Each structure stands twice: as structure tokens, then as C-alpha cells.
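Asks: Here you go, sequence then predicted model.
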Amino acid sequence: MINFFQTSVGKTQGSLDRQLADFEGDTTDYRMKRGLSYILKSSFCNFEVVSPLEPTMLRERVYTLAAKSVPSQESTAVTLGDVAAELSQELQREVLPAQVLAGLYADLAENKLLTAFDAPTATDLLHRYNLSQVQGVFYKASQLVLNAHRNVPGEYKLLFRYLKLFQLMVYVEGDADHGFTITIDGPTSLFNPSTRYGLAIAKLIPALLHVTKWSLAAVLQTRDTYTNTWKRGRFTLNSECGLVSHYPKGKPYDSMLEASFADRWDALKSEWVLEREVDLIPIPGSVMIPDFRLVHPDGRSFLLEIVGYWRPEYLQKKFHQVRRAGCDNLILAISERLNLEKAGVKLNDVPARIVWFKDKLLPKAVLAVMD
Amino acid sequence: MARTATLTFDRGTLILHPPPRGKAWMDYATWDDRIEKFRIPAIKYRSLVEALQVSETDFIDAAKGFAHLELVPALEMIPYPHQSEALAAWKLAGRQGVVVLPTAAGKTYLAQMAMQTTPRSTLIVVPTLDLMHQWYAHLVAAFPDAEVGLLGGGSRDKTSILVATYDSAAIHAETLGNQYGLLIFDECHHLPTDFSRVIAEYAIAPYRLGLSATPERSDGKHADLEGLIGREVYRQRAEDLAGKALATHEIVQIKVKLSQQERERYNQLIQIRNDFLSQSRISLGSLQGWQLFVQMSGRSQLGRRAMLAHREAKAIALGTDGKLRILANLLAEHYPERTLIFTADNTTVYRISQELLIPAITHQTPVKERHEILTKFRQGEYNTLIASHVLNEGVDVPAASVAIILSGTGSTREYIQRLGRVLRKGNIENKQAILYEVVAEDTSEEATSARRRGEPKKKENLQVIYGSGKADNLKAAEQLELNYDVTNRVTHPSPQRRGDYPQETET
């Protein structure tokens, strides 16, 4: 199929479509072939109107002249001849009546030319196809329940960024030992299950594939059009599913602050192990994703959040979150460059251990508040 | 001290926080664990606000995003009696409800009157891009000082009067929901689908007007209109308005014989299909039969072949050369009268457009060009126009006196709406519109045509074989069965309305 596209560069979409239809023939796997060609057309092709005469203007000209006589095959030939003659004179080159007829609808999809094809490998195409098939299932999803364990914060952050982008809502329950349950749906899901958010959930799946450890179950609502009743279904998937995402991967670290802190910690050779795989801290309407987790061989553990340079509103929100989180093993590392009083943030009722730092966060300062 | 309860809008819902005193609001609210606050469906806004006010509960309304408009009409007409009656009935029902009027009975002007008496930010939802531009043109002319914008077909305006397509309004339902005080649904039978209904559900608009010629839906969902817009407040039939606001018209059915070659191929294809059907014991008489056929065609090569044969046979019946010859004859006979041609498929549209050089409108026609073609047709620069389904609903083409249906899929609503195109009363005195229906003889199309007229299969009193002369044309608009009762309902006085949205503007 990729070959069909490659040899069609410079030809019309109509001729490509006919080739694909012949390939389809009377085989029963035409759905898969159409799916593959849809992906190729929508993601790897560029179609353009190529015509020496702008089709809209050409139509206006032809139809205005044609309206002056009774429509018939004969007057069509006369009109096309007249327009061709006029154009030949205007453009100073010979324009044939057949070219006028061909140019009349050069802007229709089937008459557009394939000008560029950025051929994927067969493997990439199949990855896209398989992912699309699975995404299609989620169009009918009214709710997604995600079971996640400790994962790298960058992965979580990417996932939650997409959640926010697609205007979804989350409800996080559980703890690190038993795993987190992240329920994903939308504002009106509260009143009745709706597939309104199915498309957004489907778009989330490629982002989820970048998270390392998870499993999910989706509730599906399908309408049986013949009996006109709703049916409920269930679909499950996990991180071992083998699907491949085409979304870009998130960055391992949000900022240089975090990256350099991790480097310094490695150089420290402390008993405390710095982990990138963190716990989620559920809070009403949202979730906190700390930057690091610190684990001691004796079982103690802390979560570390680095607060660098931010706008006052962000800080207010962050401290409000910490207050609501009710989390007793949280360490906040705050930059002294932040003018907290000016931001209207009071630190006295924040239930977290606080470390101040100037330009760089030193591991020793963090160790001091843990012991 | 506790803060005052505040009502905010959140993506198609309302949040009431902190919870106010009293119990009046509790009937509407649901506790949302995800945010630890009470949430309320947006459509309940009016009931909730009324309940809070009745129980004298203090609250801050931060949800309401719509505003008062200064609407000075530049276009005023003396309304027809049915327009005034419909407006009065709607107002009595608390400015919520559905008005049923036949195509061309002046629904746009009725909507304009509703806007004048309810001057709040208004969202008008329409099914097609053509209708969108038609409404836009009317509203700009009616309210030259107001901000009128478009949502759909590439436009994304944010104006206090906004005309949107159902698709775009549904996509943006979460953000539009609190911006408009009055919602007007044109051809409102489009609203109760799973996809579109959110336009009404996610909106707080206390005032809602639904307009339709044919609110009935074959899936029975028109019953939902009452919850989404309001109950039916007024209804008039085409018969009662005929001669007053609508032009009369006649229908001529023309049967076309397939050519020898076409007939042979047609029979051959039908044979392939039928052999498969009888082998698999499928009867196409029922929906289940058809469903089974579709399933089988995806599973076996024979089934797939049968399905392809079925499609090709259908294409022959739809696009037979005989039809094109008849078409050319009809066009010659009526030249230069304003003539509209309808077909069911784009392939036929473009084929005819290129063979006879007739301007075409399909869903692929760019919005601007579509507007220009319609304008030229109205002005008489073009006297013929061919279209696929896109012109189906309510598009105002006042000058057309002849319509030709070349092929179509059966549905009562579609038939009436297509008729409406030529039914419109033009400036010509005693205009007699003619509607031709061209079907292939002895094919499955005949059954479709009968279904479209809401007639039993074998009743052939309408049939006129082409060539027998115009004098035999049988039926006029008065005899058309529209199958609807007149329900000139007595409207009930509305319960006392409260609220901080308007009720003060009076007749």
C-alpha cells in the first residue's frame, strides 16, 4: 500500500483511490485496507490543487456564459469552446476545451494532486494502525479507571498535562503501597454516564503509553440502534499491551534545578536513595506530583517537591494544595528568591518540612530535615 | 463568618459553593467527590435560581455570562396572524417552547420578534452552512447596530448574537453554555441526537425557542424536545396557510425506462444479489434483514460481491442516462424559468454539472462560492442550480418555480422540506410551482418514492408517464398529505416568574 502512494506522487487523489479500490476488490478485509490508507492519507500525504486556471473563477465564467443558452450536450460543447478561445487569447497560449472541462473542478478532493508523500516504514504504519484501532474503542468510553503504581514524575506530569489539555477530570484515590486509582471522566459524568468525553479519553491513550507501569479498565456505552437501548461494556488494557505511541516523550526533568539536584545526590553516597518514581498525592479536584521520593533501607520515605521560580498565583495554589493534601512526609524545598509575603503566602500553617535554598539546592540541607 | 454561596459555571455544569442555607437548591444538586463541592446540570439554572429566590436564599450569581442587548430593529414587517399568535403562545409559556410552522411560513421573522421582546445575548443554532449564512444576512439587516457573528464553516466569532451550526455548537457546548440568555434552535428536530443535545443540556439559557416544520423524528426522540427546549406551544399546517403565505404547486412524477444495456446489467446485478440473499436466507424486507446483509458482506467474499452488485444496481437506477435525457427535455421546456435540480449523490451532481454546465452545490463547495452561486441564482444570472442533500432544509430560494428531483432517499421530512423550496411565495402573482420527480421504472427507487410521499406501495394515482402532456398533472399542494393534526393548543398562563433575568419586556 505504501508503494501505491509512492507511485501516485504527482497524480490525482482520484487515481490513487481507484488503485486502492482495485486492491480492495471483493476481499473481505477491506476495512483494514481502508484504515491503513486513511492513516497514510491523513498523516503522511500532502494534496494540492494544481491548476493553471483558478477553478472558482473558471466555474463562474463558464456558468455565466452557459446560462445564456438552453442546457444541452451541444451547447456545452459550444460554451467550452468559447471559454477556451477567450482564455487562449488572455493567457497568450493555447487552452483546449478539454482543459477547461478538466479544470472546472480541479479543487475537488478526487481531482487534487498528491504533491508529497512522507513514507513511513511498514512497522510504523502498523503501530499507528493498531493504536488507532484501540483508540476507536475509547470513543465509546464514558469513564476510565487507571491503576498506576510508582512512576517517574515526568511521565505522570505529561499524562496530567494531557488530561488538562483535553478538559478531563480526575479523581485520585489510594496510596503508594496499594497503588493509585485514577478515575478519569468529565464534569457532566456526575449526572449520567456519557460518551461525550470518549474522544478526549481516546486522545489521552498515546500519552498514557509513555507511562511505565499501569493498567486500565474503561466503561463503554454503546447504543444498539436496532433495539434503541444502551449497552454497557468493559475494556481493559495495561502497560504490557505493546502499543507504540506517536506522541513526543516528556522531558525527564522539569528544570535544571531538578536535574542538578539529582546529580549532586548521586555524588553524596547517602543511605537515602533518591527515586524518580514517586507517589501521587490526591487532593480534591486535582493531584500533586512531587519531584522525587527519598527512601531509607529501614523503610522510612519522604516526598520532595522543589519550588523554584514561579508566579505568585502558582505559589498560592501550591501551598493551598499542600494544606489540603494532609500528607505528613512531604518536604518542600523553596527558593529564597521567592518573595512569599508579597505573594500573600503564609508558611506557618503549611504541614510540610521546609528547606530554604539560594541558587542551588544542596542534598545536605534536605538530609538535615529528614533526620 | 461563612462566605455567601456562589454559583459558577464549569464546562456545562454549575457549581454552588459554599452550600447555601435552606433546602430549596438540594433538589438540583449532586455532591461531587472529585472536587468536594455540589454540582448542578447547567440546564437546571432557571429552576435553581427561581427556587433560591422563592426561598429568599442569598447567593452570588457568577455563572451568568449573558447580557442585556439594545436591539433596534431596522427591518420591521406587519406579522402574519400566525406569527403573532405563535409569539404570544411562546411568551405565555414562559418564553420556552417549540413552534411548529410549515417551511416558508416566516420562522426567521418570528425569531426576530422573539429576540426583540427578549433582548438578551442570543445563540441561534442551524443545521447547515447555507442556513447559517441566511440567518446571518437576515440578522445583520434586522439589527445593523448589534454584533452578529458566526460559529462554523471556518468562522469562530464570539459575539453577543451568534449563529452556529449544530455541529460547531455541540463541539463548543462547554464554553458557549453560559454566554447566551436566549437560545433559538432552527429545524429543532436536529437537537435530540446524542451528539447535539448537549447544546441545550450544557446551557444555562433561561429562554429557549425551537422552530421546525417537522419536529417528528423516526426514532421517537422528538419527545426529548420538551425537556431540552420546552413543550410545543403552537402549530399550524401548510394547508391552513396555503394561499396566504405559501404558493401553490403541483407534482408530476415521471418514470424513466432503463436502456436495454442498463436493464440487462441491472437485472444481472440484482440476480447476483438475490442469489446470495436466498442462499443465506436473508429477506431485505426488514431492518434486521438489511443488518444481516451488511454483516455477511463483511465476512464472506460472496457476500461482499452481492453487496457490491447491490450498490452498482442502485447506481444504475439513480444515474441512468434516460434521466439525463428527461432532465435536458425538462430544462428546455422551462427555460429560462428558475429551476432547481436535486439528486441524492455527489457523483450525479458533478456529472450533470459538467455535462450540461449547470452550477453545483454540494458539501464540498466552499462557503463563499456557495453564497455567490445562491446570490446569482436569486438575481437571475444563473437560472438553473443542481444540488445534493445540502440544500435540503429551509434554504430560501424565493425565485425558483420549478424543482426536479432526480433521485433521492426516502424520508417524509426530506420530501416536505424539498417541496418547501419551490413552495416559497415569490413576487410573481399566482405563481404556480411545479415539482417533477424522475424515477427509474421497475427498480427499487419506485418504492423509495412512494415511501417518501407517505403512501402505500402500489397506489399509483400520481403516476404520469412523461409525454402525456401537462394537462394531466394531477395533484396540487392542497391534496398533499402532511399527516399532521392541527393542534392549536390553548396555552396556559405561566406560573409567576421570578429571577433576575428579564421578563419585563412586554408585548
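Replies: All right, it came through fine. Just so you know, these numbers come straight off a predicted model, no measurement behind them. Numbering: from 1, shown residues only, chains lettered A, B, ... in the order given.
Asks: Tell me the residue of the stretch 351-500 of chain B that sits nearest chain A?
Replies: The nearest approach of the stretch 351-500 of chain B to chain A comes at residue B:357, 3.7 Å away (CB to the nearest CB). Every C-beta, even on glycine, is put in place using the N, C-alpha and C of the backbone.
Asks: was I right about residue A:331 contacting residue A:302?
Replies: Yes. The pair residue A:331 and residue A:302 passes the contact test of CB atoms under 8 Å, sitting 5.4 Å apart.
Asks: shared neighbours of the two, anything?
Replies: Residues touching both residue A:331 and residue A:302 (CB atoms under 8 Å, 6 or more residues apart in numbering or on different chains) are A:294, A:353, A:370.
Asks: I'd like those as CSV, with neighbour count appended.
Replies: CSV is the format used below for those (neighbours: other CB atoms under 10 Å in any protein chain shown):
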residue, neighbour count
A:294, 21
A:353, 17
A:370, 17
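Asks: from these, which ones fall inside strands?
Replies: Using DSSP state E, the members of those that fall in strands are A:294, A:353.
Asks: if you average pLDDT over stretch B:405-415, what comes out?
Replies: For stretch B:405-415, mean pLDDT rounds to 55.
Asks: Give me the pLDDT value at the most centrally placed residue in chain B.
Replies: The central residue of chain B, meaning the one whose C-alpha is nearest the mean C-alpha position (CA atoms, centre = their mean), is residue B:187 at 3.6 Å. Taken from the predicted model, the pLDDT recorded for residue B:187 is 93.
Asks: between the shared contacts of residue A:331 and residue A:302, which is nearest chain B?
Replies: Lowest distance from chain B to those (CB to the nearest CB) belongs to residue A:353, with 26.1 Å.
Asks: Who is the closest one paired with across the strands?
Replies: In this structure, residue A:353 bridges to residue A:331 when assessed by DSSP bridges.
Asks: So for it, what's the pLDDT?
Replies: Residue A:353 is assigned a predicted lDDT (pLDDT) of 86.
Asks: Could you check how far stretch A:229-247 is from the centre of its chain?
Replies: Here stretch A:229-247 is found 15 Å from its chain centre; the criterion is CA atoms, centre = their mean, to the nearest Å.
Asks: Pull out the buried residues from that stretch.
Replies: Neighbour counts using 16 or more other CB atoms under 10 Å in any protein chain shown place A:237, A:239, A:243, A:247 of stretch A:229-247 among the buried residues.
Asks: Could you save those residues as a markdown table and add columns showing secondary structure?
Replies: Putting these into a markdown table (DSSP: H, G, I helix; E, B strand; the rest coil) gives the following:
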| residue | secondary structure |
| --- | --- |
| A:237 | strand |
| A:239 | coil |
| A:243 | coil |
| A:247 | coil |
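Asks: Distance to chain B for these - can I get that in CSV?
Replies: As requested, those are exported to CSV (distance: CB to the nearest CB, whole Å):
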residue, distance to chain B
A:237, 23
A:239, 25
A:243, 25
A:247, 22
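Asks: Widest-spaced pair of these?
Replies: Greatest spatial distance in those: A:237 and A:247, 16.2 Å, computed using CB to CB.
Asks: Check what pLDDT residue B:400 gets.
Replies: Among the per-residue scores, residue B:400 shows a pLDDT of 75.
Asks: And for it, the neighbour number?
Replies: Other residues within reach of residue B:400, judged by other CB atoms under 10 Å in any protein chain shown, total 22.
Asks: Helix or strand: which one has it?
Replies: Residue B:400 belongs to no helix or strand when assigned by DSSP states H and E.
Asks: And the pLDDT at residue 290?
Replies: You didn't pick a chain, so chain A it is. The model reports residue A:290 with a pLDDT of 85.
Asks: you looked at the wrong chain, it should be chain B
Replies: On pLDDT, residue B:290 comes in at 81.
Asks: Please verify my assumption that it contacts residue B:284.
Replies: Yes. With contacts defined as CB under 8 Å, residue B:290 counts as touching residue B:284 at a distance of 5.9 Å.
Asks: Pull up the gap between residue A:356 and residue A:318, please.
Replies: Between residue A:356 and residue A:318 the computed distance is 16 Å (CB to CB, to the nearest Å).
Asks: Residue B:193 too?
Replies: When distance is defined by CB to CB, residue B:193 is 43 Å away from residue A:318.
Asks: go on, residue B:11?
Replies: Relative to residue A:318, and taking CB to CB, residue B:11 is found at 23 Å.
Asks: More neighbours: which of the two?
Replies: More neighbours surround residue A:318 than the other of residue B:11 and residue A:318, with 18 against 15 (other CB under 10 Å).
Asks: if we can go back for a sec, what is the burial count for the residue of the stretch 351-500 of chain B closest to chain A?
Replies: By other CB under 10 Å, the residues close to residue B:357 number 27.
Asks: That one in helix, strand or coil?
Replies: On the basis of three-state DSSP, residue B:357 is classed as coil.
Asks: Is it in contact with residue A:63, as I believe?
Replies: Yes. With the criterion set as CB under 8 Å, residue B:357 and residue A:63 qualify as a contacting pair; they are 6.3 Å apart.
Asks: quick one: common contacting residues for the two?
Replies: When contacts are counted by CB under 8 Å, 6+ apart, residue B:357 and residue A:63 are jointly contacted by no residue.
Asks: Using the record's domain definitions, break the chain down for me.
Replies: As the question left the chain open, I've gone with chain A. According to automatic domain parsing, chain A is divided into the following domains: A:2-50+A:111-120, A:55-105, A:125-238, A:256-370.
Asks: oops, chain B please
Replies: Dividing chain B into domains by automatic domain parsing, as the record does, gives the ranges B:6-60, B:81-237, B:248-258+B:320-479, B:260-317.
Asks: Need those domains in JSON lines (columns: distance to residue A:252).
Replies: Formatted as JSON lines, the domains of chain B follow (distance: least, CB to CB, whole Å):
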{"stretch": "domain B:6-60", "distance to residue A:252": "30"}
{"stretch": "domain B:81-237", "distance to residue A:252": "34"}
{"stretch": "domain B:248-258+B:320-479", "distance to residue A:252": "47"}
{"stretch": "domain B:260-317", "distance to residue A:252": "46"}
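Asks: rank these by pLDDT, which is bottom?
Replies: domain B:248-258+B:320-479 (a mean of 67).
Asks: Now do the same for the closest residue in space to residue B:179 that isn't next to it in sequence: helix, strand or coil?
Replies: Beyond its immediate neighbours in the sequence, the residue positioned closest to residue B:179 (CB to CB, 6 or more residues apart in numbering or on different chains) is residue B:65, lying 4.7 Å away. Under three-state DSSP, residue B:65 falls in the coil class.
Asks: Kindly report the same for residue B:180.
Replies: In three-state terms, and counting by three-state DSSP, residue B:180 is coil.
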